[in-house]
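> coords please:
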Amino acid sequence: MKEFDYIIVGAGSAGCVLASRLTEDKDVTVLLLEYGGSDNSIFIKMPTALSIPMGMDRFNWGYESEPEPFADNRRLDVPRGKALGGSSSINGMVYVRGNAGDYDEWQSAGAEGWGYRHCLPYFKKAETWKGGADEYRGGDGPVGTCNGNEMKNPLYGAFVEAGVEAGYLKTDDYNGRQQDGFGAMHMTVDGGVRASTARAYLKPARSRSNLTVITNAMTDRVMFEAKRAVGVSWSVNDTRDQARARREVILSAGAVGSPAILQRSGIGPAAVLQSAGVGVLENSPGVGENLQDHLEVYFQFRCNEPITLNGHLSPLRKAMIGARWMLFRSGLGATNHFESCAFIRSDAGKQWPDIQYHFLPAAIRYDGKSAFEGHGFQVHVGPNKPSSRGHIRISSANPDDAPRILFNYLSHDDDIRDWRKVIRLSREILNQPAMDRFRGEEIQPGESVRTDGAIDAWVRQNVESAYHPSCSCPMGNSSGTSSAGYKPVLDNQCQVLGVENLRVVDSSIFPTIPNGNLNAPTIMVAEKMADMIRGREPLPASDVTPYVDAQWQTSQRPGTPVRQVPE
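Numbering: from 1, shown residues only. The predicted structure is shown next:
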């Protein structure tokens with residue numbers, strides 16, 4: 001049987017990082033398994049084409065949730081990347097690290113050594129920020145980050161100014177000292193091309209003789225001798241194969257895939273395994289539980305001036321954008337179009353932001369089609385620290401059977417109250433004077449959606465996943481239940497509790513979901529874990545003091561709004 005030092009399952013945001021870093025040691029051999037195929041597609045490489053690969057079976061697992069009981073029993077899409085680069089090859093390329101408080105929250109929950117000062121050096125190690133390195137930003141890492149087209153469309157700046165008029169701060173760098181406020185948004189785009197982990201990490205490592213990559217490989221399960229992980233079995237086009245791991249097996253199959261593989265391997269809640277016909281190797285009640293995600297809605301307005309992306313949706317305009325990108329890697333093809341953003345606190349008593357805005361100078365659906373005739377703009381917005389928790393559970397031992405995914409969105413009363421604040425605060429911001437020149441009719445939610453009941457109903461009917469599933473194999477201490485209320489699956493070195501030589505490294509390991517998009521934190525986790533796995537000393541902890549509003553306990557925003565919108 002083939003043998004390698006390490007077997008990594010999943011060539012996604014974390015797996016590509018691990019494969020690259022572990023094979024820096026020439027004496028170490030690594031096998032990387034990926035169910036998807038090549039990422040060599042113009043639709044993946046061109047940032048503006050982001051809606052296309054997400055809609056293709058070739059690149060997307062195509063999961064969907066169970067009927068969500070608190071969201072009008074709707075099934076919501078759960079897209080996950082199925083190609084080299086994983087979800088970093090089909091995501092929106094938004095680069096958000098989260099707030100410093102998110103990582104201190106991890107440490108408080110039992111993940112010792114994962115506070116912000118320990119994580120920041122690995123955020124920096126992974127990145128080359130176009131704005132230049134400083135005490136918060138990296139200058140020589142594999143992943144290039146930038147602001148796209150530097151907010152040339154005047155709508156971007158108007159949105160930022162509206163936030164200032166509403167009494168919020170302006171931030172020069174929400175990934176730096178001060179997340180709070182309105183400012184330019186950053187993206188994983190390098191030289192006009194998507195900076196997926198396949199491009200940034202895996203491509204340079206593919207020439208190493210100690211790295212073997214197998215694509216189209218559907219992982220079945222982890223193989224054990226007693227409770228020691230010794231290898232992985234998989235199939236390619238119905239042909240079964242397996243390999244042994246001399247040192248470790250590492251699952252980097254994502255927040256859906258990793259708990260499903262653990263459960264198929266006999267590690268998980270005993271009742272779930274028995275119902276699926278899987279023998280229990282280790283009764284681990286937390287596997288697949290604690291599932292968290294971000295929800296969002298679109299605030300959409302007609303635009304009074306013909307300056308939006310809705311004017312570029314004809315076949316001719318798209319062809320012109322594509323031609324410029326093909327020739328020069330520039331123009332509207334070189335951006336994800338989310339070039340301004342905001343992070344605010346929903347209420348006094350919140351120490352760090354819990355509401356996030358992505359501004360888009362278009363009124364458009366995720367499939368890239370116009371939301372209505374004419375010009376418009378929209379803001380993607382939602383609360384980023386939800387209290388609702390869901391689960392992922394296999395229904396059989398067959399890897400071809402998709403796991404059952406239930407988020408229990410909006411099941412917690414706090415989430416309902418947060419959404420009411422989101423709608424009212426967003427409407428207030430978008431009705432500030434800075435937007436007067438551009439703002440036409442409010443398309444959605446619509447002027448009639450103002451009472452608690454109307455807001456609750458509209459949110460249930462229209463809310464969508466922001467595609468950030470996480471926390472389904474959380475790390476913590478081994479004492480049983482975390483102070484955050486979940487049952488740890490991993491220790492603070494991402495080793496699976498109860499067995500040997502098996503780790504999980506991806507977004508499933510988060511104890512709680514960060515305040516932001518998840519690609520940057522997942523890359524950070526993989527960078528940090530690569531040092532741990534290699535037995536290297538961790539990078540020195542950073543000595544920084546991130547911004548916290550001095551009046552956070554008594555004030556929802558630092559300033560006084562210029563104009564409030566009536567309830």
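> can I get stretch 510-520 in CSV? Just the C-alpha atoms.
Coordinates of each C-alpha in stretch 510-520 appear next as CSV, following Å, rounded to 0.1, in the frame of the first residue of the first chain:
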residue,chain,number,x,y,z
PHE,A,510,-13.9,27.6,14.9
PRO,A,511,-15.5,27.7,18.4
THR,A,512,-17.6,30.7,17.4
ILE,A,513,-18.1,32.4,14.0
PRO,A,514,-16.0,35.5,13.5
ASN,A,515,-17.4,38.9,12.6
GLY,A,516,-16.7,38.8,8.9
ASN,A,517,-16.2,36.5,5.9
LEU,A,518,-14.4,33.2,6.6
ASN,A,519,-11.7,32.7,3.9
ALA,A,520,-9.1,34.9,5.7
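> name the spans of the stretch 151-300 of the chain whose pLDDT lies under the cut-off.
Counting by pLDDT under 70, the stretch 151-300 of the chain has no low-confidence residues at all.
> what about the helices in it?
Using DSSP state H, counting those that start in this stretch, the helices assigned to the stretch 151-300 of the chain run over residues 154-165, 197, 203-205, 254-264, 270-275.
> can you list the neighbours in contact with the third one?
With CB atoms under 8 Å, 6 or more residues apart in numbering as the contact definition, helix 203-205 has outside contacts at 19-20, 23, 142, 211. (C-beta placed from N, C-alpha, C; glycine too.)
> 10 Å instead?
Outside of helix 203-205, the residues that reach it under the criterion CB atoms under 10 Å, 6 or more residues apart in numbering are 16-17, 19-24, 30, 32, 39, 84-85, 142, 196-197, 211, 213.
> tell me how far that helix is from the chain's mean position?
Counting by CA atoms, centre = their mean, to the nearest Å, helix 203-205 is centred 23 Å from the centre of its parent chain.
> buried residues, it. List them.
Buried residues in helix 203-205, defined by neighbour count with 16 or more other CB atoms under 10 Å: 203, 205.
> before we move on, the earlier item: Throw the helices of the stretch 151-300 of the chain into TSV and include distance to residue 55, thanks.
Converted to TSV, those look like this (distance: least, CB to CB, whole Å):
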stretch	distance to residue 55
helix 154-165	26
helix 197	21
helix 203-205	25
helix 254-264	18
helix 270-275	31
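> between these, which one is nearest to residue 408?
When these are ranked by distance to residue 408, counting by CB to CB, first place goes to helix 254-264 at 14.9 Å.
> helices and strands around that closest one, which ones?
The contact analysis (3 or more CB pairs under 10 Å, 6 or more residues apart in numbering; DSSP states H and E) places helix 254-264 against strand 2-9, strand 218-225, strand 239-251, strand 267-268, helix 270-275, strand 391-393, strand 404-406, strand 502-504.
> let's go with 7 Å and repeat that
strand 218-225, strand 239-251, strand 391-393 (3 or more CB pairs under 7 Å, 6 or more residues apart in numbering; DSSP states H and E).
> looking at these, which is closest to residue 287?
From the helices and strands packed on helix 254-264, taking CB to CB, the stretch that ends up closest is strand 391-393, at 8.6 Å.
> can you flag the buried ones in the contacts of helix 203-205?
Under a neighbour-count criterion of 16+ other CB under 10 Å, the subset of the contacts of helix 203-205 counted as buried comprises 16-17, 19-23, 30, 32, 39, 84-85, 142, 196-197, 211, 213.
> among the residues you listed, which are in helices?
Restricting the buried ones among the contacts of helix 203-205 to those inside helices, with DSSP state H as the criterion, leaves 16-17, 19-22, 197.
> ok, which pair from those residues is furthest apart?
Of all pairs drawn from these, the one with the longest distance (CB to CB) is 22 and 197, at 13.9 Å.
> about what we covered before: what is the nearest of the ones in helices among the buried ones among the contacts of helix 203-205 to residue 157?
Taking CB to CB as the measure, residue 197 is the one of these closest to residue 157, at 31.6 Å.
> excluding chain neighbours, what is closest to that closest one?
The shortest distance from residue 197 to any residue other than its chain neighbours is 3.8 Å, reached at residue 16 (CB to CB, 6 or more residues apart in numbering).
> ok, now which ones touch the one you found?
For residue 16, the residues meeting the contact criterion (CB atoms under 7 Å, 6 or more residues apart in numbering) are 85, 197-198, 201-202.
> that one and residue 425, how far apart?
Using CB to CB, to the nearest Å, one gets 38 Å for the distance from residue 16 to residue 425.
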